[in-house]
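Colleague: Next input, structure requested:
(chains A and B)
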2 protein chains.
Amino acid sequence: MRQLSTQDVDFEQQLTTLLAFETVNDADLLKTVDSIIAQVRQDGDSVVLALTQKFDQHPAMSMHELELSQESLAKAFTNLDTKVKEALTTAATRVQTFHERQVQETWEYKDELGNRLGQKVTPLDRVGIYVPGGLASYPSSVLMNAIPAKVAGVKEIIMVVPAPNGILNPLVLAAAHLAKVDRVFTIGGAQAVAALAYGTETIPSVDKITGPGNKYVAAAKRAVFGQVGIDMIAGPSEVLVYAEGQADDRADWLAMDLLSQAEHDRIAQAIFVTTSAEQLAEVAAEIEKALADLPKADIARDSLKNRGALILVKDRAEGMDVINRVAPEHLELSVDDPDALLDNIRHAGAIFMGRHTPEAIGDYCAGPNHVLPTSGTARFSSPLGVYDFQKKSSIIYCSESGSKPLAETADILAQREDLEAHARSARYRYQS
Amino acid sequence: MRQLSTQDVDFEQQLTTLLAFETVNDADLLKTVDSIIAQVRQDGDSVVLALTQKFDQHPAMSMHELELSQESLAKAFTNLDTKVKEALTTAATRVQTFHERQVQETWEYKDELGNRLGQKVTPLDRVGIYVPGGLASYPSSVLMNAIPAKVAGVKEIIMVVPAPNGILNPLVLAAAHLAKVDRVFTIGGAQAVAALAYGTETIPSVDKITGPGNKYVAAAKRAVFGQVGIDMIAGPSEVLVYAEGQADDRADWLAMDLLSQAEHDRIAQAIFVTTSAEQLAEVAAEIEKALADLPKADIARDSLKNRGALILVKDRAEGMDVINRVAPEHLELSVDDPDALLDNIRHAGAIFMGRHTPEAIGDYCAGPNHVLPTSGTARFSSPLGVYDFQKKSSIIYCSESGSKPLAETADILAQREDLEAHARSARYRYQS
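Modeller: Residues are numbered from 1 along each chain as shown, chains lettered A, B, ... in the order given. From the prediction side, this is the model:
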């Protein structure tokens, strides 16, 4: 695993290289995806069915067979072990409670001229949620996408989840039941994204598509952006764990927190930043120790080798600089006084404060969303939230007298922009 | 100008055709833009300078000459006519006052286990604003983009505006002064977008790029999305004016409001919806009359012919249905009781209530933003606002005791997702 120090003469360059990650815009991939979208727009259901049979080896002979009944979702939930049922319910309840605080309300005020100005907040009508099939089919993702939409007041949530060979993860269906997803179709890939964006005879078109997927799904989301809204295009997951070698730190905990990121994916990124060379060595040793009996040790090893790093900084100020440079998706602050650091942290998707808040708690059940900005995009974007499923309309209501001075101002500026119809339209209101 | 009625048997199809508008993804255009971006990333300043000389016939011989001093902006403002200076200042003040209500604040609460949960709100560090040169170089756009960013607390605003043949609109510079833009470069096109996204020796890289531009600018923004944030990809501007043939309506006012949209662009869209056949005919006649002496009559005529429509609806309920189908960027409600309609309007960028609130007032000085979702994207997006220049980080701070039950829940769910390092990382916290 790479070890860096801010004392290295080429530290800046090394850090840039470490963080470099770009989605490849493979021309063949884009062509394939564009062609699938065009076919789905043209022929609807028949194409979606044919591609599902082809790519997912799904045995369905009609679109009807690709929709799951509410009963089957409810049954998946009922059939869960009590322990898992309770855990999933706890997670759903906590996610709901947190997200209820994010609801934005309509507001309005009257200006000094007696004009009413404001912002009307409404939910999106219908939303599509993409849930990956196979290995990365996570029930937690269903909760994290569907619950904020429901809290926002979205009337209908359409979930798509591919079922390769007809096989589905029952926990994903149970989560869909718990999150009150309205309809579920077992389709995936670019064809599912196209169907949600444009609608088919069976699948209703939605206003926004959220949720992670493979590179075909990501390319299809980018292509339909504008026709529908999309959430971010997610990159590989990352964590930055920060510590200062304090007495209460546990090197084995810190190592396992880093590994919980590394086990996700060979291109996931785990970075440890510390002010203590001794702690850096301890954590490195604990990582090796833990890898010995981790089921996904192979993946984790590759991830740490390819994209991981242990970074030694001189002091807290340098640590904060590195954090802001990385703008990590997940940030753990393993220090006695995490609140003291908060003001200096400008960019992070989620901040896990203190030693008893491992990322894993946030991934499942703390309450805040686990869909977070990756690859440094925390510089300009936010966790998925209720605000992603609400939209705003400006409200402007001028009184007869309050309109006149504004109309005169608009007239003057419109003339200077050579927009005469604008000017006259305004003039009518103050010269009448 | 096209006349439709909801009574037409093919009304739905006609409406769909009327609203159809898609940005063409011209392969040659994309290739040109991709190549410009690659060159700017590779060679920085020298490429930006060379392309500015080539495309804008700009006489500058160094990048230094492409930056405007704060003094030149201040001078442009000082040199304005008093009337224009006052109008611009009124507009800026009102835009600022409205947007101050949009500021989002950090919040936090304690759950029943004693864990702290919340959301930290921070401004973006640095933002780029694209301002078109030549004909569409509007000072109002500078205010509408820069002021929300300043209100959000963005530390540095970099504005780019092309100066074909070295010529600039002094009002745009005056607006930049008024809105406290930090730096202005006279560059444009895909090269300006690339420079802002990746930075060059002279131009600092930004975190988000907003503002309208031609098709090269739009394609470049789409291409750099992910590296930086972008605002929406704007389509042609539209207005939907709704009336019910009430006594206080003025057909000449309604006609001019429609024309103020149509004069923008040959592909701008003006739609009039009314419950009264008589009023429909009156407004059609007034449009013809007004076109007789409108400086931009040619553009307006083309716009009305290509994309305009007068639509007769049976009643208010049908009117609301048409409005929600269109999801207009601008919506004028020319009725006695606009408040009665508000609950039924689900999608609109900005709603202009009553007869004394023409769109022109909103374009310049009402206060709300004039950058609004176009082409039906009001179904899922919002006016540009302070929230576009703020971002959120989730805060999770578990207490030692509050962590234990959550860690147990996370452990159970992580095991079911086959993520053993997640499970162990959680287990450490409740088995310690």
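Colleague: can you list the domains in chain A?
Modeller: A:27-230, A:235-379, A:399-431 (automatic domain parsing).
Colleague: Nearest to residue B:26, out of the ones you listed?
Modeller: Closest approach to residue B:26 among the domains of chain A (C-beta to C-beta): domain A:27-230, 13.4 Å. Every C-beta, even on glycine, is put in place using the N, C-alpha and C of the backbone.
Colleague: is that closest one up against chain B anywhere?
Modeller: Yes. Against chain B, domain A:27-230 shows contacts by C-beta under 8 Å from any C-beta of the partner chain at A:83-84, A:87-88, A:90-91, A:94, A:97-98, A:101-102, A:107, A:109, A:111, A:115-117, A:119-120, A:122, A:124-125, A:138-140, A:171, A:207-208, A:226, A:228-229.
Colleague: Now a ChimeraX select for only the buried ones of these.
Modeller: Only the buried entries of those go into this ChimeraX selection, using 16 or more other C-beta atoms under 10 Å in any protein chain shown:
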select /A:84,87,88,90,91,94,97,98,101,102,111,115,116,117,119,120,122,124,125,138,139,140,171,207,208,226,228,229
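Colleague: mind listing which of the residues of domain A:27-230 next to chain B are in helices?
Modeller: A:83-84, A:87-88, A:90-91, A:94, A:97-98, A:139-140, A:171 (DSSP state H).
Colleague: out of the residues you listed, what pair is the most spread apart?
Modeller: A:83 and A:98 (23.0 Å).
Colleague: Would you mind measuring from residue A:400 to residue A:426?
Modeller: Going from residue A:400 to residue A:426 by C-beta to C-beta, to the nearest Å gives 14 Å.
Colleague: State the number of residues packed around residue A:104.
Modeller: Around residue A:104 there are 17 other residues, counting by other C-beta atoms under 10 Å in any protein chain shown.
Colleague: Show me where the stretch 151-300 of chain A has its helices.
Modeller: Counting by DSSP state H, counting those that start in this stretch, the stretch 151-300 of chain A has these helices, from start to end: A:170-178, A:189-198, A:215-224, A:251-262, A:277-291, A:297-307.
Colleague: possible to save the domains of chain A as JSON lines with mean pLDDT?
Modeller: Compiled in JSON lines, these are given as follows (pLDDT from 0 to 100):
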{"stretch": "domain A:27-230", "mean pLDDT": "95"}
{"stretch": "domain A:235-379", "mean pLDDT": "97"}
{"stretch": "domain A:399-431", "mean pLDDT": "96"}
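Colleague: Distance to residue B:419 added to those domains, as CSV?
Modeller: Formatted as CSV, the domains of chain A follow (distance: least, C-beta to C-beta, whole Å):
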stretch, distance to residue B:419
domain A:27-230, 9
domain A:235-379, 6
domain A:399-431, 57
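Colleague: Show me the one of these that comes nearest residue B:322.
Modeller: The minimum distance between residue B:322 and the domains of chain A falls on domain A:27-230, with 15.7 Å, by C-beta to C-beta.
Colleague: Can you give the contact residues for the host helix or strand of residue A:426?
Modeller: Element membership of residue A:426, judged by DSSP states H and E, is helix A:420-431. Helix A:420-431 is contacted from outside by A:398, A:403-405, A:407-408, A:410-411, A:414-415, B:250, B:252-253, B:256-257, B:259-260, B:262-263, B:290, B:294-296, B:300, B:356, B:358-361, B:363, using C-beta atoms under 8 Å, 6 or more residues apart in numbering or on different chains.
Colleague: relative orientation of it and helix B:251-262 in degrees?
Modeller: With axes from the mean of the first three to the mean of the last three C-alpha atoms, to 10 degrees applied, the angle from helix A:420-431 to helix B:251-262 works out at 140 degrees.
Colleague: a markdown table for the helices of the stretch 151-300 of chain A, including distance to residue A:430?
Modeller: Shown next, in a markdown table, are these (distance: least, C-beta to C-beta, whole Å):
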| stretch | distance to residue A:430 |
| --- | --- |
| helix A:170-178 | 57 |
| helix A:189-198 | 45 |
| helix A:215-224 | 45 |
| helix A:251-262 | 62 |
| helix A:277-291 | 70 |
| helix A:297-307 | 63 |
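Colleague: buried subset of the contacts of helix A:420-431?
Modeller: A:398, A:403-404, A:407-408, A:410-411, A:414-415, B:250, B:252-253, B:256-257, B:259-260, B:262-263, B:290, B:294, B:296, B:300, B:356, B:358-361, B:363.
Colleague: residue contacts, residue A:241?
Modeller: Taking C-beta under 8 Å, 6+ apart, one finds A:254, A:257-258, A:270-273, A:332, A:334 in contact with residue A:241.
Colleague: show me which of those neighbour chain B.
Modeller: Okay, of these touching chain B (C-beta under 8 Å from any C-beta), that's residue A:257.
Colleague: from the contacts of residue A:241, which is closest to residue A:376?
Modeller: residue A:271 (12.2 Å).
Colleague: Quick one: neighbours of the residue nearest to that closest one when sequence neighbours are not counted, just the number.
Modeller: With C-beta to C-beta, 6 or more residues apart in numbering or on different chains as the criterion, residue A:271 has its nearest non-adjacent residue at 4.6 Å, and that residue is residue A:240. Neighbour count of residue A:240, defined by other C-beta under 10 Å: 25.
Colleague: repeat for the one 5 residues further on
Modeller: Other residues near residue A:245 come to 17 when the count uses other C-beta under 10 Å.
Colleague: Angles on the backbone of it, please.
Modeller: phi 60, psi 30 (degrees, to the nearest 10).
Colleague: Spit out the contact partners of it.
Modeller: A:274-276, A:278-279.
Colleague: cutoff 10 Å now
Modeller: A:251, A:274-280, A:282-283, A:334-335 (C-beta atoms under 10 Å, 6 or more residues apart in numbering or on different chains).
Colleague: Show me how far stretch A:11-28 is from its chain's centre.
Modeller: 20 Å (C-alpha atoms, centre = their mean, to the nearest Å).
Colleague: Run a quick check on residue A:381 versus residue B:208, I expect a contact.
Modeller: Yes. Under the criterion of C-beta atoms under 10 Å, residue A:381 makes contact with residue B:208 at 9.0 Å.
Colleague: shared neighbours of these two, anything?
Modeller: B:124, B:229, B:391.
Colleague: wait, is residue A:53 part of a helix?
Modeller: Yes. Going by DSSP: H, G, I helix; E, B strand; the rest coil, the assignment for residue A:53 places it inside a helix.
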